[in-house]
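Peer 1: Task: produce atomic coordinates for the following.
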Amino acid sequence: MTEYATDWRATGACLSADPDLFFPIATGTVAAVQIKKAQHICAGCRVRKECFDFAMRSGETHGVWGGTTPEERTRFRRRRTRLARRAWQRPPATRAS
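Peer 2: Numbers count the residues shown, from 1 in each chain. So this is what the prediction gives:
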């Protein structure tokens with residue numbers, strides 16, 4: 001992941017949106033509607049990648065960041081860990097003489 005200054009937050013598409021939209025308290029259909037609205041705002045954001053990277057680096061476990069839910073970020077972390085383990089366990093390539 002790339003390091004970014006935190007000034008990216010000042011240009012986020014979410015700046016003028018209700019913060020509660022990105023941190024739903026309800027569950028079920030109500031939360032799903034809020035999440036979809038938040039993700040719609042994120043979809044057109046110029047700093048979506050920076051936001052996602054921040055959430056991944058800081059281990060954010062709540063809210064919509066970079067258009068992703070906590071569950072999506074958890075799946076991404078697990079997938080990345082699995083791929084890293086496989087790469088580490090793979091035997092070194094042998095050269096043919």
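Peer 1: rest of the way, CA atoms for contacts and neighbours
Peer 2: Will do.
Peer 1: what about the lowest-mean-pLDDT helix or strand in the chain, distance to the chain center?
Peer 2: Sorting the helices and strands of the chain by mean pLDDT, DSSP states H and E puts helix 70-89 at the bottom, at a mean of 86. Centroid separation for helix 70-89 versus its chain: 13 Å, with CA atoms, centre = their mean, to the nearest Å.
Peer 1: Kindly export it (C-alpha atoms) in CSV.
Peer 2: As requested, the backbone C-alpha atoms of helix 70-89 are provided in CSV (Å, rounded to 0.1, in the frame of the first residue of the first chain):
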residue,chain,number,x,y,z
PRO,A,70,-15.9,-3.9,7.2
GLU,A,71,-16.7,-7.4,6.0
GLU,A,72,-15.3,-6.7,2.6
ARG,A,73,-12.1,-5.4,4.1
THR,A,74,-11.8,-8.5,6.4
ARG,A,75,-12.2,-10.7,3.3
PHE,A,76,-9.5,-8.7,1.5
ARG,A,77,-7.1,-9.0,4.4
ARG,A,78,-7.6,-12.7,4.7
ARG,A,79,-7.2,-13.3,1.0
ARG,A,80,-4.0,-11.2,1.0
THR,A,81,-2.7,-13.2,4.0
ARG,A,82,-3.4,-16.5,2.3
LEU,A,83,-1.7,-15.4,-0.9
ALA,A,84,1.3,-14.2,1.1
ARG,A,85,1.5,-17.6,2.9
ARG,A,86,1.3,-19.5,-0.4
ALA,A,87,4.1,-17.4,-1.9
TRP,A,88,6.2,-18.0,1.2
GLN,A,89,5.7,-21.7,1.2
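Peer 1: hmm, who's touching it?
Peer 2: Outside of helix 70-89, the residues that reach it under the criterion CA atoms under 8 Å, 6 or more residues apart in numbering are Met56, Glu60, Thr61, His62, Gly63, Val64.
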